[in-house]
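Trainee: Sharing a model prediction with you, sequence too.
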Amino acid sequence: MKNTQARVSASVLLSQVRNLISRSSTELLCLELKTLLNHNY
């Protein structure tokens, strides 16, 4: 059961990432990278 749930969540995450990429989300990616850098430093 846990394995199937993990696979489903992983596939959902993959689909969301693909949607973001297809939506010309270079600006969003840059914003996320900036926030990640701000959190790390």
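Mentor: Everything's here; your move.

Trainee: what pLDDT, on average, does stretch 14-26 get?
Mentor: Mean per-residue pLDDT for stretch 14-26: 79.

Trainee: Please save the CA atoms from it in CSV.
Mentor: In CSV, the C-alpha atoms belonging to stretch 14-26 read as follows (Å, rounded to 0.1, in the frame of the first residue of the first chain):
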residue,chain,number,x,y,z
LEU,A,14,6.0,14.7,-12.1
SER,A,15,2.8,15.8,-13.8
GLN,A,16,2.7,19.1,-11.9
VAL,A,17,6.4,19.7,-12.8
ARG,A,18,5.6,19.0,-16.4
ASN,A,19,2.7,21.4,-16.3
LEU,A,20,4.9,24.1,-14.9
ILE,A,21,7.6,23.5,-17.5
SER,A,22,5.1,23.6,-20.4
ARG,A,23,3.7,26.8,-19.0
SER,A,24,6.9,28.7,-19.9
SER,A,25,7.7,29.0,-16.2
THR,A,26,11.3,30.1,-16.6
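
Trainee: Now do the helices in the protein.
Mentor: Ranges of helices within the chain are 2-22, 26-40, based on DSSP state H.

Trainee: would CSV of these with mean neighbour count be doable?
Mentor: All C-beta atoms are positioned from the backbone trio N, CA, C, and that covers glycine. Below are the helices of the chain laid out as CSV (neighbours: other Cβ atoms under 10 Å):
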stretch, mean neighbour count
helix 2-22, 10
helix 26-40, 10
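
Trainee: Give me the most central residue, this structure.
Mentor: Residue closest to the mean C-alpha point of the chain, counted by Cα atoms, centre = their mean, is V17 at 4.8 Å.
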